[in-house]
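Undergrad: sequence? don't have it. structure:
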């Protein structure tokens, strides 16, 4: 655990340095008369640091070469410190003098987030990789390992991809993606060329240039650092609008205690976790714009600061995981329209100017990324309906917020009716708290409730769409609800807590002893409810992690990563064609080396370039499903790493001559796995573009 704590501290410190100067300037612009500007600057600077990394990744892989990522990042940091030559920018550093005594508790945050990353460490110092049945964790790791094979830039990777397949454009080639013989190349072209997930993949690939065995830090680092950064960003907002430190720390704990996020990372959502700081920045831009405009404090200086913060938020989020940016853009657009119609038009205009001007600036700043993302947008939207896997249940709003752990139950088991009833009641309570301001005459109350309504509309629309796709999978709904979770929690916190704005309205319009408005939460409820709620969230995370560890499909310890530096073992994996069992754990073969599992679904791999490579069978030691009848090849270097190698009863040429379905059965027969019916969707072509049959 303590290794991950140290990594989290170090990563946050690097982000702080990257965003130190811009974060200071923005804080000075938007914080007004706040006396807690130090903690505000801390959260904002770390969020901006993620954006700076994204800019470097976008220009490196977008145009200048992925291996130049570090150089670009250093240049950007030096340029930002050069801004201190300007006296008014230098004065902004005074914000770092304003820390409160209670802010020191933030030092505990990396310990909490490392603890929340429990599946990815063992004991005091050891790290590990652990995942469920989905293929996305191996896909993430294969992507960063294959980045240099894919190409130094996006354009080079695109050309390499099209040249191998012989297709004219990416629209044609997406149907043939899984014909590539290398598992790593399949993942790399998918995530880097089509998915444009550069914000995490490019920096991580550069880290592996130092030592490929650093792969072991992947899941723990992305989850612990991602939620820690999000927590600090949300905390920074809370110190601007909430009177009590207790409210700020409860909100911080609530935001990082997301059982759905733990489940997402366990099943592959590493980029989602790394994009959380961007979600945090955009969320506070949205609410701060409403807050300052309603309170007549949206000065030209504050407006410029919010536009800059908006641009950094889009950068940190989109370059890492553009799917979440598309969701947030939909929420913001609906909110702006509804606020303009049902609240105040000037509030709507302010939102449009800060969020969408910031978005345009961000798109220009990372022009190479913008071009790549727009080029593949239509393809990515087609793939969305066929991706993901089915969670056990369709979660209620309270469950998406992490109050009850329904994520690690037995698949197919009916829901406990008592737990379901509690979930309904909690969900109804949250929705009531969020929406009760719709009838208020106060523009702030009404605008915040409209924002909450917009989130509910987007989530409901995605759920309806997902239910009517060929898969009828709740995967997209769960992802979208996870994206907007931090913003929804901010809204709940505002409705439950005493904000400075409410106090100011009381004093200015009704006097300090005025009667409480109908829209204001009773004092006792503001004290008790958040504590109970956050306690349930923490318990849910602990329960979810315990359940995830039990449901693991595979666990890969740190000592096994030495295979990545073993040249003989790597040559053995690269130089032979392999058959193995059809199990989720077989995807591990893709990140222990450049393995060519030629029987991998959808089993229409082009083997022309591999015809002279001998076919072999590879099994995990102790795997009862893998039971070949052919002689074992003993004394193989791969035996050292928990693999057993066997002769194949079928040659590469014979296998290549078979149709895709026949290849499946030839693979099963060769490895001794009992035959099973293969769904049509997974036989040839791209499964993500085919109906579920």
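TA: Ah, there it is. Owing to the predicted nature of the structure, the values given are computational and were not obtained by experimental measurement.
Undergrad: tell me the domain ranges of this protein?
TA: Annotated domains of the chain cover 2-125+218-391+535-550, 566-689 [automatic domain parsing].
Undergrad: possible to save those domains as TSV with mean neighbour count, mean pLDDT and distance to residue 465?
TA: Using the backbone N, CA and C atoms, a C-beta is placed for each residue, glycine as well. Compiled in TSV, those are given as follows (neighbours: other Cβ atoms under 10 Å; pLDDT from 0 to 100; distance: least, Cβ to Cβ, whole Å):
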stretch	mean neighbour count	mean pLDDT	distance to residue 465
domain 2-125+218-391+535-550	21	94	8
domain 566-689	18	96	16
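Undergrad: same list, those domains, but as TSV with distance to residue 402 please.
TA: Below are those laid out as TSV (distance: least, Cβ to Cβ, whole Å):
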stretch	distance to residue 402
domain 2-125+218-391+535-550	4
domain 566-689	25
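Undergrad: nearest to residue 202, of those domains?
TA: Comparison of the domains of the chain against residue 202 by Cβ to Cβ identifies domain 2-125+218-391+535-550 as nearest, at 3.9 Å.
Undergrad: in which helix or strand would I find the most centrally placed residue in the chain?
TA: Most central in the chain under Cα atoms, centre = their mean is residue 272, positioned 0.6 Å from the mean C-alpha point. Assigned by DSSP states H and E, residue 272 belongs to helix 270-274.
Undergrad: any residues touching that helix, and which ones?
TA: 50, 136-137, 140, 197, 199-201, 218-219, 222-223, 225-227, 261, 264-265, 320-321, 324, 479, 482-483 (Cβ atoms under 8 Å, 6 or more residues apart in numbering).
Undergrad: try 6 Å this time
TA: 140, 197, 200, 222-223, 226, 264-265, 320-321 (Cβ atoms under 6 Å, 6 or more residues apart in numbering).
Undergrad: and the furthest pair within those?
TA: 197 and 223 (16.0 Å).
Undergrad: how about residue 639, nearest residue that isn't a chain neighbour?
TA: Closest residue to residue 639 apart from its sequence neighbours, by Cβ to Cβ, 6 or more residues apart in numbering: residue 645 at 7.4 Å.
Undergrad: revised request: answer the last question for residue 124.
TA: Leaving aside its chain neighbours, residue 124 sits nearest to residue 2 (5.3 Å; criterion: Cβ to Cβ, 6+ apart).
Undergrad: please apply the same query to residue 334.
TA: Using Cβ to Cβ, 6+ apart, the nearest residue to residue 334 is residue 454, at 4.2 Å.
Undergrad: you'd agree the one you found is up against residue 331?
TA: Yes - counting by Cβ atoms under 6 Å, residue 454 touches residue 331, with 5.3 Å between them.
Undergrad: and the gap between the closest residue in space to residue 126 that isn't next to it in sequence and residue 249?
TA: Nearest non-adjacent residue to residue 126, counting by Cβ to Cβ, 6+ apart: residue 558, 5.3 Å away. Residue 558 sits 33 Å away from residue 249, going by Cβ to Cβ, to the nearest Å.
Undergrad: for residue 588, give me its contacts.
TA: Contacts of residue 588 by Cβ under 6 Å, 6+ apart are residue 554.
Undergrad: backbone dihedrals for it, please?
TA: phi -60, psi -30 (degrees, to the nearest 10).
Undergrad: about what we covered before: which phi and psi does the residue nearest to residue 639 have?
TA: The phi/psi pair for residue 645 (degrees, to the nearest 10) is phi -110, psi 140.
Undergrad: that one bridge partners, please.
TA: residue 618 (DSSP bridges).
Undergrad: equivalent analysis for residue 632, please.
TA: residue 646.
Undergrad: start the count at 3, not 1, going forward
TA: Noted, 3 is the first residue going forward, which turns the last one into residue 634.
Undergrad: isn't it right up against residue 645?
TA: No - look at residue 634 against residue 645 with Cβ under 6 Å: they stay out of range, at 11.0 Å.
Undergrad: now do the strands in the stretch 403-552 of the chain.
TA: For the stretch 403-552 of the chain, applying DSSP state E, counting those that start in this stretch gives no strands.
Undergrad: tell me the contacts of the residue nearest to residue 641?
TA: With Cβ under 6 Å, 6+ apart, residue 647 has these contacts: 618, 620, 635, 638, 640.
Undergrad: tell me which element residue 130 is part of?
TA: Applying DSSP H and E, one finds residue 130 within strand 128-133.
Undergrad: figure out the helix or strand that residue 189 lives in.
TA: Counting by DSSP H and E, residue 189 is found in helix 185-190.
Undergrad: give me the next element, helix or strand, following that helix.
TA: helix 200-212.
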